[in-house]
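Engineer: Everything below, folded, please.
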Amino acid sequence: MLTYIKESVEELRNNVTWPTRAEASNLMVVVAVFTILFALATWGVDELFSKAVKFYFDKVIN
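Structural biologist: Presented below is the predicted three-dimensional model:
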C-alpha cells in the first residue's frame, strides 16, 4: 500500500499536466453553467410529472 501511495505521488508530480489558473477558471465556469442548466432541466421535469400526477388523481380517479 505504501508503494502504491509513493508511486501515485510521484506520478502526480512528474507525469500529470496541470491546467493553468486561467484554464481552470474557464473550466469551472463551464461546469457551473452546465450544473445550473441540468438542475433547471431536472426541476422542469419534476414540475411536469408533479402536475401530471396531480391531474391524474384530481380528474381521472375522482
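Engineer: How far off centre is stretch 21-30?
Structural biologist: On the basis of Cα atoms, centre = their mean, to the nearest Å, stretch 21-30 sits 15 Å off its chain's mean C-alpha point.
Engineer: Summarise which helices and strands the longest helix belonging to the chain is packed against.
Structural biologist: Counting by DSSP state H, the longest helix found in the chain is helix 21-55. The contact analysis (3 or more Cβ pairs under 8 Å, 6 or more residues apart in numbering; DSSP states H and E) places helix 21-55 against no helix or strand. (Each C-beta comes from the backbone N, C-alpha and C, glycine too.)
Engineer: Return the distance of R13 relative to K6.
Structural biologist: As judged by Cβ to Cβ, to the nearest Å, R13 and K6 stand 11 Å apart.
Engineer: typed the wrong thing, it's T20
Structural biologist: 28 Å.
Engineer: What of W43?
Structural biologist: Per Cβ to Cβ, W43 is found 46 Å from K6.
Engineer: likewise V33?
Structural biologist: For V33 relative to K6 (Cβ to Cβ), the value is 38 Å.
Engineer: Can you mark which positions in stretch 32-45 are buried?
Structural biologist: By 16 or more other Cβ atoms under 10 Å, stretch 32-45 has no buried positions at all.
Engineer: Please state the offset of it from the chain centre?
Structural biologist: Its chain's C-alpha centre lies 9 Å from the corresponding centre of stretch 32-45 when counted by Cα atoms, centre = their mean.
Engineer: Then stretch 53-62?
Structural biologist: Worked out by Cα atoms, centre = their mean, stretch 53-62 lies 34 Å from the chain centre.
Engineer: now stretch 19-33
Structural biologist: Distance, centroid of stretch 19-33 to centroid of chain: 14 Å (Cα atoms, centre = their mean).
Engineer: tell me the mean pLDDT for that stretch?
Structural biologist: For stretch 19-33, the mean pLDDT works out to 97.
Engineer: Pull out the buried residues from stretch 5-18.
Structural biologist: Quick answer for stretch 5-18: no buried residues (16+ other Cβ under 10 Å).
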